[in-house]
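# No sequence on hand, only this structure:
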Ligand SMILES: [Zn+2]
């Protein structure tokens, strides 16, 4: 069925596998955009469902959502605009081994876990509890999704489940509210209120009338929502879409009708907030730079522009903000009184000027660490080649941390024992010592 979408709409839809499960099933993703053959600097958006194999409602609704977007393109102005302006990725089934546990011809016998008996929504690196919060190795599905997230720059996503009906927003792992808590309440409120206008009384009305902060509901570690928010600066929430996990087929059309307008509203939000392109003032080339809202950011909430387009997307609740744009080797720029209105985009393109004789961090491009400043117990280090030893020194030159990645490019570094302050993190790449400044909050 997924490949049939591509066959029917080759100009709009590309279906691909991000990897194979233990039992040999493909993890399929449909990419939908107006020009599937190239990346255009549009925001990337992800819907994914059913990482718990027996929570199947979202799986079917996402298949229908793909069909709805493709068939509406060119005739429905709103759908056409969304497909034109957003690089949309939809993964209807994130745990096919769990869903088809009873055999490929039926979802009866579906289970929550993957084929190895692991709960995939406890298997991700956690900002508080580290790379393996559940004590299990990363499962095949987890590795494929982590690689998929690394290869993309998802601005927003939602992760669909079942068993209750609520929009669950970050954080799950700790009680601290997200820097953008008011934005989260606003987009989740919009989701639930739109559902209420189109559903019978009692659907998605529990908790705080259909929305909840994750930790206030119940704390989990190793969930994908917090992983995406903290380690990828992607706004992901957990959408619990039906009280009954495996609803009868006859109820699926009604659930579609309750939710599809909200699917559109939420996805559309990735077009708003402050957005633009960041370029080198001399060459005009797109660059990756940090976009930091002053007196606002915390816990990895700031974002970066991405290549090839140099585009960034800082989603914000309506207000005035001061925003600093910075990159190692460039003079930073701050714009004050940037105004944000709900459901509107504020476009702020930025040209950063290179520092001609910069001796501060000439090799910073070879690896990145984030979040920096780091507030959680872990930071992610990502290099352009395999890394061995990682050392962290205080500004007095005292060795505070030493670990070894075992030769991977990406590592989750435990900084929980470091006091607040400024440090130097050092790694050896290609026989050369490279270092960056790191701040621990
Ligand atoms: Zn679930």
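Arrived safely, thanks for sending. Keep in mind it's a predicted model, so treat the numbers as computed, not measured. Numbers count the residues shown, from 1 in each chain.
# Only C-alpha atoms from now on, for both contacts and neighbour counts.
Will do.
# Report the secondary structure element holding the residue in the stretch 251-400 of the chain that the ion sits nearest to.
Residue of the stretch 251-400 of the chain nearest the ion, by CA to the ion: residue 255 (17.1 Å). According to DSSP states H and E, residue 255 maps onto helix 252-268.
# ok, now which ones touch whatever residue of the chain ends up closest to the ion?
At 4.2 Å from the ion, residue 161 is the closest residue in the chain, using CA to the ion. Neighbour list for residue 161: 49-52, 55-58, 238-242, 245 [criterion: CA atoms under 8 Å, 6 or more residues apart in numbering].
# Please spell out the ChimeraX selection for the buried subset of those residues.
A single ChimeraX command is used to select the members of these judged buried by 16 or more other CA atoms under 10 Å:
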select :49,50,51,52,55,56,57,58,238,239,240,241,242,245
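# Which of the contacts of residue 161 fall in strands?
By the criterion of DSSP state E, membership of the contacts of residue 161 in strands covers 49, 238, 239, 240, 241, 242.
# wait, which of those residues is closest to residue 377?
Closest approach to residue 377 among these (CA to CA): residue 238, at 22.7 Å.
# so what's the closest one bridging to?
The bridge-partner assignment for residue 238, based on DSSP bridges, gives residue 159, residue 168.
# thinking again about what came up before, enumerate every residue touching the residue of the stretch 251-400 of the chain closest to the ion.
In this structure, residue 255 makes contact with residue 61, judged by CA under 8 Å, 6+ apart.
# what's the burial count for residue 294?
14 (other CA atoms under 10 Å).
# do the one 3 residues further on as well
Residue 297 sits with 14 neighbouring residues when counted by other CA under 10 Å.
# from what I can see it touches residue 181, true?
No - Residue 297 is not in contact with residue 181 according to CA atoms under 8 Å; the separation is 11.0 Å.
# ok, which stretches of the stretch 151-300 of the chain are strands?
154-161, 164-169, 211-213, 235-242, 273-280, 290-293 (DSSP state E, counting those that start in this stretch).
# and residue 14, which of those strands is closest to it?
With CA to CA, the closest approach to residue 14 among the strands of the stretch 151-300 of the chain belongs to strand 154-161: 17.2 Å.
# between that closest one and helix 252-268, what angle do the directions make?
Orientation of strand 154-161 against helix 252-268 (axes from the mean of the first three to the mean of the last three CA atoms, to 10 degrees) gives an angle of 160 degrees.
# quick one: contacts for residue 266?
For residue 266, the residues meeting the contact criterion (CA under 8 Å, 6+ apart) are 187, 191.
# if I look at it, how far off is residue 239?
Between residue 266 and residue 239 the distance is 11 Å, computed by CA to CA, to the nearest Å.
# Please apply the same query to residue 280.
Here the distance between residue 280 and residue 239 works out to 39 Å (CA to CA).
# Enumerate the residues of the protein near the ion.
The chain comes close to the ion at residues 52, 161, as judged by CA under 5 Å from the ion.
# care to break the chain down by domain?
Using automatic domain parsing, the domains assigned to the chain come out as 2-271, 273-352, 364-440.
# and residue 195, how many neighbours?
There are 23 residues near residue 195, going by other CA under 10 Å.
# ok, which stretches of the stretch 201-350 of the chain are helices?
Ranges of helices in the stretch 201-350 of the chain, per DSSP state H, counting those that start in this stretch, are 206-209, 214-217, 224-232, 252-268.
# Pick the most buried one from the ones you listed.
Each of the helices of the stretch 201-350 of the chain was assessed for mean neighbour count using mean count of other CA atoms under 10 Å. The highest is helix 224-232, with a mean of 25.
# Low-confidence bits of this protein, can you list those?
Within the chain, the set of residues satisfying pLDDT under 70 comprises 36-40, 358-365.
# at 80 instead, please
With pLDDT under 80 as the threshold, the chain has low-confidence stretches at 36-40, 357-365, 430-431.
# Nearest the geometric middle of it, what residue?
For the chain, the residue nearest the mean C-alpha position is residue 234 (3.0 Å; CA atoms, centre = their mean).
# Show the contacting residues for it.
Contacts of residue 234 (CA under 8 Å, 6+ apart): 153, 154, 155, 156, 157, 228.
# Swap in 7 Å and give it another go.
Contacts here follow CA atoms under 7 Å, 6 or more residues apart in numbering; on that basis residue 234 touches 154, 155, 156, 157, 228.
# How about the first one: what's its closest non-neighbour residue?
Same thing as residue 154. Counting by CA to CA, 6 or more residues apart in numbering, residue 154 lies nearest to residue 44, which is 4.7 Å off, once chain neighbours are set aside.
# wait, isn't that neighbour in contact with residue 87?
Yes - between residue 44 and residue 87 there is a contact under CA atoms under 7 Å: 4.7 Å.
# quick one on the thing from earlier: for the contacts of residue 234, which one is nearest residue 33?
residue 154 (14.3 Å).
# ok, the closest one to residue 201 distance?
When distances are taken as CA to CA, residue 154 and residue 201 turn out to be 34 Å apart.
# Give me the more crowded residue out of those two.
In this view residue 154 and residue 201 are compared by other CA under 10 Å, and residue 154 has more residues nearby, 24 against 9.
# So that one sits against residue 45, correct?
Yes - Residue 154 is in contact with residue 45 according to CA under 7 Å; the separation is 5.4 Å.
# on that earlier part again, neighbours of the residue nearest to residue 154, how many?
As a burial measure, residue 44 scores 24 neighbours (other CA under 10 Å).
# got a list of what it touches?
Residues counted as contacts of residue 44 (CA under 7 Å, 6+ apart) are 86, 87, 88, 153, 154, 155.
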